[in-house]
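In: Below is the sequence, then the predicted model.
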Amino acid sequence: MLKSYVNDFIAVMPLQMPSLMDKNRLSEPLIYKDYALLEFSTATPLSLEDVTNLLEDEVDLVLLYVHTPSLATDFGRSCCAYSNPAFGHMYKVNAVTNSDGMVDQIRVTIYDDLELMSGDVINDLKLHGRTGHFKYAITKEDVLLNFIG
């Protein structure tokens, strides 16, 4: 089942967001028992703000956070968004800035279990909350409401 989710994702998402997810710039997917990891390199580096806007506006993902680990550098700023489970898709998208303060890779986690996905999304939020600060973040309670509502 997970392999079909991966194939569907690879077939559809590059059409919706070609600047972020080009099939020709996809590393070999890593498929595990309950989830798969995909990594796309972008054709041109993008600002974190551009990536965030694309994730929210182009495919209606739920923005989980925009995080800055340190104000002293542009390296390591990140964002995370996830698919709304009500639409039947189960994936999470992460982007992190490089040493130039630009995003040049997009990481996608595809799940085949809703409980695993909700736990991973909440854990991602918790781990990023330990250091730095959030420019934007939804609460754990709002995440849970997305999964049970």
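Out: Okay, I see it.

In: Number of residues surrounding Leu61?
Out: Applying other Cβ atoms under 10 Å, we find 22 residues neighbouring Leu61. Quick note: C-beta positions are derived from backbone N, CA and C, even for glycine.

In: now do Arg107
Out: Using other Cβ under 10 Å, the number of residues around Arg107 comes to 15.

In: Identify all residues paired with it through a beta bridge.
Out: Arg107 has the following beta-bridge partners by DSSP bridges: Glu39, Asn94.

In: Show the model's pLDDT score for it.
Out: Model confidence at Arg107, expressed as pLDDT, equals 98.

In: separation between it and Ser78?
Out: Going from Arg107 to Ser78 by Cβ to Cβ, to the nearest Å gives 10 Å.

In: do Lys3 as well
Out: Taken as Cβ to Cβ, the span from Lys3 to Ser78 is 28 Å.

In: do Thr131 as well
Out: Relative to Ser78, and taking Cβ to Cβ, Thr131 is found at 11 Å.

In: Ser99 now?
Out: Per Cβ to Cβ, Ser99 is found 14 Å from Ser78.

In: More neighbours: Thr131 and Ser78, which one.
Out: Shown here are Thr131 and Ser78; by other Cβ under 10 Å, Ser78 has more neighbours (19 against 11).
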